[in-house]
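**Student:** Sequence plus predicted model, see below.
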Amino acid sequence: MTDAQDPSDDDLRLSAGEQGPAPLDWAAGPAKVLPGLHLLSTPIGAARDITLRALDLLAKADVLAAEDTRTLRRLMEIHGIRIDGRPMIPYHDHNGAQARPRIMGLLAEGKSVAYASEAGTPLVADPGFQLARAAIAEGYTVLAAPGASAVLTALAVGGLPTDRFCFLGFPPSQGAARQHWLEEVMAIPATLVMYESPKRIHRLLDDLKQHEGREAALCRELTKRFEEVIRGTLGSVAADIAGRDLKGEIVLLVGRAEAETGDAVDLDAMLRAALAGESLREAVAAVTEATGLPRRQVYQRALALGKDGNG
């Protein structure tokens, strides 16, 4: 899965009706790319959303590796970059074990290898983690050319606090594992960033009904022609998309619980007072009801207070 958008040939465009860019003089750029593994970010929709440094790497690296070589070829064509006989190696979730030794061998020869995800930033819900770890373990230089990321793009337009955020990837798709995951992550005191498929987004919002008052932003088709951002509470966002057959991959932002946004609740003080006259179970139930915080968060804090001798 990519970070988080899938740029088809139609999406890798400048804008509707616009001509491609005039070819740049790549000979004027750096004469040679340093040996090592270069992780470069690619557009999540609009072809112009790529950095000059990333284009330099695509033009001058000894070896090109990509999650999807067809998408990378198309991107290079748009920007007038020739492959000129250089190796282009597919590297994705399904062939990593076979492709990684070849790439490591090229690094051992002192080659520069540019690795690009299909869209977005490598290693952010993208392949490349084991490749980067292997290169680091062998002592090769590993560098990044930063750029497009669905996570940061969604945070920029979502309107939720960005002083503390937690990227969660995709929720588990099935049963008890999904419910346990949601119970844990909703207790995190930060803006939550998660990906979800359009087929499961309605179900996800339904699973979050008990938190429907939290701020949220549903970001769809970021940077693409039909980009859409729906802001409000989880409940109002769910209502806004009810009955809609959404297309494109989605980034969902969820704000922290209201009680977690400031000093409105002194959880420790409330637990100590409750534990002074009630059992652990009764105290946790009472404080959970009073604060609206997830029971798991209250229970774990109550246990910690007891272990510290402060209960």
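**Tutor:** Yep, that arrived.
**Student:** Report the buried residues of stretch 106-123.
**Tutor:** Buried positions in stretch 106-123, judged by neighbour count with 16 or more other Cβ atoms under 10 Å: 106-107, 111-123. C-beta coordinates here come from the backbone N, C-alpha and C atoms, glycine included.
**Student:** Looking at those residues, spot the one nearest Arg133.
**Tutor:** Nearest to Arg133 among those, counting by Cβ to Cβ, is Leu123 at 9.7 Å.
**Student:** so the closest one makes contact with Gln130?
**Tutor:** No: counting by Cβ atoms under 8 Å, Leu123 stays clear of Gln130, with 9.8 Å between them.
**Student:** Quickly list what Thr42 is bridged to.
**Tutor:** Beta-bridge partners recorded for Thr42 (DSSP bridges): Gly120.
**Student:** separation between it and Ala302?
**Tutor:** Computed as Cβ to Cβ, to the nearest Å, the Thr42 to Ala302 distance reads 47 Å.
**Student:** Now the element after the host helix or strand of Val229, going C-ward?
**Tutor:** Assigning secondary structure by DSSP states H and E places Val229 in strand 228-233. Once strand 228-233 ends, the next helix or strand along the chain (criterion: DSSP H and E) is helix 234-241.
**Student:** and the helix or strand following that next one, which strands flank it?
**Tutor:** Going down the chain from helix 234-241, the next helix or strand is strand 250-254, by DSSP H and E. The partner list of strand 250-254 in its sheet, established with DSSP bridges, is strand 191-196 (antiparallel), strand 215-220 (antiparallel).
**Student:** Is it possible to get a markdown table of those that adds distance to Thr71, mean pLDDT and mean neighbour count?
**Tutor:** Below are those laid out as a markdown table (distance: least, Cβ to Cβ, whole Å; pLDDT from 0 to 100; neighbours: other Cβ atoms under 10 Å):
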| stretch | distance to Thr71 | mean pLDDT | mean neighbour count |
| --- | --- | --- | --- |
| strand 191-196 | 19 | 96 | 22 |
| strand 215-220 | 20 | 97 | 24 |
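**Student:** out of those, nearest to Arg296?
**Tutor:** Smallest distance to Arg296 across those (Cβ to Cβ): 15.4 Å, for strand 191-196.
**Student:** Can you pull out the residues in contact with the helix or strand that that closest one is followed by?
**Tutor:** Heading C-terminal from strand 191-196, the first helix or strand you meet, by DSSP H and E, is helix 201-207. Applying Cβ atoms under 8 Å, 6 or more residues apart in numbering, the contact partners of helix 201-207 are 171, 178-179, 182, 196, 218, 234, 237-238, 241-242, 246, 250, 252.
**Student:** mind running it again at 6 Å?
**Tutor:** Contact partners of helix 201-207, identified using Cβ atoms under 6 Å, 6 or more residues apart in numbering, comprise 182, 196, 238, 250.
**Student:** ok so, going back, neighbour count winner among Thr42 and Ala302?
**Tutor:** Thr42 (30 against 23; other Cβ atoms under 10 Å).
**Student:** Look up how far Gly243 lies from the more buried one.
**Tutor:** The gap separating Thr42 from Gly243 is 34 Å, by Cβ to Cβ.
**Student:** tell me which residues of stretch 169-182 are tucked away?
**Tutor:** For stretch 169-182, the neighbour count (16+ other Cβ under 10 Å) marks 170-171, 178, 181-182 as buried.
**Student:** Throw those into JSON lines and include secondary structure and distance to Met270, thanks.
**Tutor:** Conversion of these to JSON lines gives the following (DSSP: H, G, I helix; E, B strand; the rest coil; distance: Cβ to Cβ, whole Å):
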{"residue": "Phe170", "secondary structure": "coil", "distance to Met270": "35"}
{"residue": "Pro171", "secondary structure": "coil", "distance to Met270": "30"}
{"residue": "Arg178", "secondary structure": "helix", "distance to Met270": "30"}
{"residue": "Trp181", "secondary structure": "helix", "distance to Met270": "27"}
{"residue": "Leu182", "secondary structure": "helix", "distance to Met270": "24"}
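**Student:** Columns distance to Ala290 and pLDDT on top of those, output as a markdown table?
**Tutor:** A markdown table is the format used below for the buried residues of stretch 169-182 (distance: Cβ to Cβ, whole Å; pLDDT from 0 to 100):
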| residue | distance to Ala290 | pLDDT |
| --- | --- | --- |
| Phe170 | 33 | 95 |
| Pro171 | 28 | 95 |
| Arg178 | 28 | 91 |
| Trp181 | 26 | 94 |
| Leu182 | 22 | 93 |
